[in-house]
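Engineer: sequence? don't have it. structure:
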């Protein structure tokens, strides 16, 4: 076998790779324009997503009369904590918090108690019904029994 020489036009080096992170890329004016357009669109999308959340927060601290008249836009107006006092004075909110914590802790513990032994058993190649059980798990993940 003969070794063919590589012509300089076909020769490849690390500097010729288009997106080599170690080489500074030459940027055209169109690249800068595209970057600016992308950043402006991204800023608009973020503003459209964040503003409703921000409005809920500032409306909760503002006087309800000011919110309903439309005087609350970016910052809270006539700050009051009456809504929070009313919510936290109701005992049902504390029952809800207790239920949330109990369900989370007990549900997570029960899930781990059931899942860990099943995962250990299914990780063993010599476990005979492994393929059938994995098929049933996978099948029910994709087809959720009429829901």
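Structural biologist: Received it, and whenever you're ready, just let me know what you need. Not measured: the values here are computed from a predicted model.

Engineer: ok, now which ones touch residue 77?
Structural biologist: Taking CB atoms under 8 Å, 6 or more residues apart in numbering, we find residue 77 in contact with 62, 63, 66, 71. (C-beta placed from N, C-alpha, C; glycine too.)

Engineer: Just the buried positions in the helix or strand where residue 48 lies, please.
Structural biologist: Using DSSP states H and E, residue 48 maps to helix 29-61. Across helix 29-61, burial judged by 16 or more other CB atoms under 10 Å covers 58, 59, 61.

Engineer: quick one: which of the contacts of residue 77 has the most company?
Structural biologist: Using other CB atoms under 10 Å as the neighbour criterion, residue 62 leads the contacts of residue 77 with 20 neighbours.

Engineer: I'd say that residue and residue 72 touch.
Structural biologist: Yes. Contact criterion CB atoms under 8 Å: residue 62 and residue 72 qualify, at 4.7 Å.

Engineer: still on that earlier bit, ok, the contacts of residue 77 vs residue 37, which is closest?
Structural biologist: Within the set of the contacts of residue 77, residue 71 lies nearest residue 37; the separation is 35.1 Å, counting by CB to CB.

Engineer: Nearest residue to that closest one in space, please, no chain neighbours.
Structural biologist: Leaving aside its sequence neighbours, residue 71 sits nearest to residue 77 (CB to CB, 6 or more residues apart in numbering; 5.4 Å).

Engineer: now this structure, which segments are flagged as low pLDDT?
Structural biologist: Within the chain, the ranges that satisfy pLDDT under 70 run 1-18, 20, 23-24, 145-147.
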